[in-house]
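Peer 1: for reference, the sequence and a predicted model appear below.
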Amino acid sequence: MGIVFALIIFGLIVTIHEFGHFICAKLSGIKVLEFSVGMGPKLLQKRFGETAYSLRLLPLGGFCAMEGEDSSEDNPRSFRNAKLWKRMIVLVAGACMNFLLGIVMCTIMVSMFEVIPTTRISGFSGKINDDGSKTFYAQSYHTGLRHGDKIVKIDGTSIYSYLDIDYMFATFSSDTHEVVVKRDGQRIKLDNVTFHDDASGELMDFGLEYNDKSVLSVMRCSGETALSMGHIVGMSLKQMITGKLSKDQISGPVGVVSSINDTTQQAESTEDLVFMLVYMTALITINVGIFNLLPIPGLDGGRLLFCFIELVRRKPVKPEHEGYVHLAGMVLLFGVLIFATFNDIMRIIQK
């Protein structure tokens, strides 16, 4: 069942992405030859006007084929003959639709909360003594944090929502930390903060404040959650580039499908299942949006880079030269995909 959910999620994300390219191309007057959901052999195809709409066998992709993307065309409605600003909007539109889908998914997810989490500390682990005083088990209290502090940064990393706090605690590599908080309207930097609950042994030794649910609080938390997801994706990419992320941790589509399958099996109720699937959809679509904007040949970001080069040079790069660069990028990306898939399969076998 998890595989079915994974295919639905991938199909939704890819369709939304390609629809962004499609609708902006249409509005810009660029001729769209085909809009396809899926890759591989055609299952269904219907032509409306100048555009063919198709459903293909493999649901892990899709495309919006525009005339003159990689070659010079005499047709004034070809992609390369469109004004530069129109081409840039078309290229960015796919990722923007991914981000929009992510915000919608985050809004659905946050709407399922009974109360809305914040990044403000509500209290610390401890006990009330016979004389009315309190003994704190929380090391973070003893090393500087206080009730009501709004966490702004941990170890130089900005904190936008509760998700960032969860991520930081899951990836700590040292015992002491630099924490920036907002206290009584002022930003305060605390050095050598230690997190540990001496009573339970848990690392996170404080609680967070929650707000009552309202339209405003849901909208704000949804935006912060989406921002945190993008932030986490960015930090993961940085760790990959700097080598802090082990090559064995690199995952591809097979790993994502496996994670979704594991998630669905862990759900204890229909509500849990819906929440987990919405969360996974939000995280994946924001990941796809950010990754597609990277200046890597073969991706939307790579094509966008050539648009910026054209903006500076005041003339476009020859289509055949740009095509060679994108082809090399696609070969590189395909190699990374094969490596990631191999890692995924090995993890499944070992599990």
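Peer 2: Happy to help now that I have it. Residues are numbered from 1 along each chain as shown.
Peer 1: when you work out contacts or count neighbours from here on, use the C-alpha atoms and nothing else.
Peer 2: Fine.
Peer 1: okay, helices next: where are they in the stretch 51-200 of the chain?
Peer 2: 84-111, 139-142, 162-171 (DSSP state H, counting those that start in this stretch).
Peer 1: pick the most deeply packed of the ones you listed.
Peer 2: Most buried of those, by mean neighbour count (mean count of other C-alpha atoms under 10 Å): helix 84-111, with a mean of 22.
Peer 1: can you confirm residue 40 is in a helix?
Peer 2: No. Applying DSSP: H, G, I helix; E, B strand; the rest coil, one finds residue 40 to be strand, outside a helix.
Peer 1: contacting residues for it?
Peer 2: With contact set as C-alpha atoms under 8 Å, 6 or more residues apart in numbering, residue 40 has these partners: 56, 57, 58.
Peer 1: just give me the closest of those to residue 81.
Peer 2: residue 56 (29.2 Å; C-alpha to C-alpha).
Peer 1: for the closest one, give me its contacts.
Peer 2: Counted by C-alpha under 8 Å, 6+ apart, residue 56 has contacts 36, 37, 38, 39, 40, 41, 42, 43, 44.
Peer 1: buried members of those into ChimeraX, please.
Peer 2: For the buried members of those, the matching ChimeraX selection, counting by 16 or more other C-alpha atoms under 10 Å, is:
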select :36,37,38,39
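Peer 1: now pLDDT too, for the contacts of residue 56, in CSV please.
Peer 2: Below are the contacts of residue 56 laid out as CSV (pLDDT from 0 to 100):
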residue, pLDDT
36, 92
37, 87
38, 84
39, 82
40, 85
41, 89
42, 89
43, 90
44, 92
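Peer 1: closest one of the contacts of residue 56 to residue 326?
Peer 2: Proximity of the contacts of residue 56 to residue 326, judged by C-alpha to C-alpha, is greatest for residue 39, which lies at 19.0 Å.
Peer 1: partners of that closest one in the sheet?
Peer 2: When assigned by DSSP bridges, residue 39 has beta-bridge partners residue 58.
Peer 1: that one contacts residue 64, correct?
Peer 2: No. Applying C-alpha atoms under 8 Å as the test, residue 39 and residue 64 come out as separate, 11.3 Å apart.
Peer 1: which helix or strand in this protein has the lowest average pLDDT?
Peer 2: Lowest by mean pLDDT, DSSP states H and E among the helices and strands of the chain is helix 253-266, with a mean of 68.
Peer 1: what about residue 276, which helix or strand?
Peer 2: Using DSSP states H and E, residue 276 sits within helix 270-292.
Peer 1: can you list contacts of that helix?
Peer 2: Applying C-alpha under 8 Å, 6+ apart, the set of residues contacting helix 270-292 from outside is 5, 9, 13, 94-99, 101-103, 105-106, 108-109, 112, 226, 229-230, 233-234, 260, 263-264, 267, 299-301.
Peer 1: again, but for stretch 216-235
Peer 2: Outside of stretch 216-235, the residues within contact range by C-alpha under 8 Å, 6+ apart are 102-103, 106-107, 110-111, 116-118, 159-164, 167, 211, 282-283, 286-287, 290.
Peer 1: ok, stretch 313-326 next?
Peer 2: Contacting residues not belonging to stretch 313-326 are listed as 70, 71, 72, 297, 298, 299, 302, 306, 307, 309, 310 [C-alpha under 8 Å, 6+ apart].
Peer 1: could you measure from the spatially closest residue to the fifth one that is not a sequence neighbour over to residue 291?
Peer 2: Using C-alpha to C-alpha, 6 or more residues apart in numbering and skipping residues adjacent in sequence, the residue nearest residue 298 is residue 326, 4.3 Å away. Counting by C-alpha to C-alpha, to the nearest Å, the gap from residue 326 to residue 291 is 16 Å.
Peer 1: and the nearest residue to residue 167 once chain neighbours are set aside, how many residues sit next to it?
Peer 2: With C-alpha to C-alpha, 6+ apart as the criterion, residue 167 has its nearest non-adjacent residue at 7.6 Å, and that residue is residue 232. By other C-alpha atoms under 10 Å, 18 other residues sit near residue 232.
Peer 1: ok but residue 232 is inside a helix, no?
Peer 2: Yes. Assessed with three-state DSSP, residue 232 lies in a helix.
Peer 1: distance check, it against residue 122.
Peer 2: As judged by C-alpha to C-alpha, residue 232 and residue 122 stand 24 Å apart.
Peer 1: which two among the contacts of stretch 313-326 are spaced furthest apart?
Peer 2: 72 and 299 (19.7 Å).
Peer 1: more neighbours, these two?
Peer 2: residue 299 (19 against 15).
Peer 1: I figured the more buried one hits residue 293, correct?
Peer 2: Yes. Using C-alpha under 8 Å, residue 299 is in contact with residue 293, at 7.1 Å.
Peer 1: in the protein, which spans are strands?
Peer 2: For the chain, the strands defined by DSSP state E cover 32-48, 51-66, 116-124, 126-128, 134-136, 150-154, 157-158, 176-183, 186-194, 206-211.
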